[in-house]
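> here is the input, now give the coordinates:
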Amino acid sequence: MTTPTTFWRLAGVSYVQYVTKASSTVRAALKEPAKSKAMAQEAFGYNRSHWTGGEQGGKTKVDALKSVGK
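Okay, the predicted model is just below:
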């Protein structure tokens, strides 16, 4: 008996990658004014803090996921 697998796994992507792509596609297919509202929700904002010796350092704003590890 074979183990069932989801189609996104067969495509070689993670669940998070699949959901991100699917939600972006749905937002792009919407008509105005729903499209503008949905696109505004797509933006995100995170803060990052550096910890040294158990003390929290200054916060920096993260505006792109590829800059998180730097």
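> please count neighbours and contacts with C-alpha atoms only from this point.
OK.
> buried stuff in the longest helix belonging to the chain?
In the chain, assigned by DSSP state H, the helix with the most residues is helix 15-29. Buried residues in helix 15-29, counted by 16 or more other C-alpha atoms under 10 Å: 18, 27.
> which residue is nearest the middle of the chain?
Centroid-nearest residue in the chain, with C-alpha atoms, centre = their mean: residue 20, separated by 6.1 Å.
> quick check: that residue vs residue 56, distance?
Distance of residue 20 to residue 56, computed by C-alpha to C-alpha, to the nearest Å: 31 Å.
> re the thing from before, which SSE is immediately downstream of the longest helix of the chain?
helix 34-42 (DSSP states H and E).
> quick one: average pLDDT of that next one?
Averaging pLDDT along helix 34-42 gives 81.
> from here on, count from 768
With 768 as the first residue, the last one maps to helix 801-809.
> show me what the helix or strand following that helix is packed up against.
Downstream of helix 801-809, the first helix or strand assigned by DSSP H and E is strand 813-819. In terms of contacts (3 or more C-alpha pairs under 8 Å, 6 or more residues apart in numbering; DSSP states H and E), strand 813-819 is packed against strand 822-829.
> between the strand it packs on and strand 813-819, how many degrees?
Inter-element angle recorded for strand 822-829 and strand 813-819: 150 degrees (by axes from the mean of the first three to the mean of the last three C-alpha atoms, to 10 degrees).
> for the chain, give me the ranges with low pLDDT.
Residues of the chain that meet the criterion pLDDT under 70 lie in 768-771, 811-812, 830-837.
> run the chain-centre distance for the longest helix of the chain.
Here the centre of helix 782-796 is set off from its chain's centre by 10 Å, with C-alpha atoms, centre = their mean, to the nearest Å.
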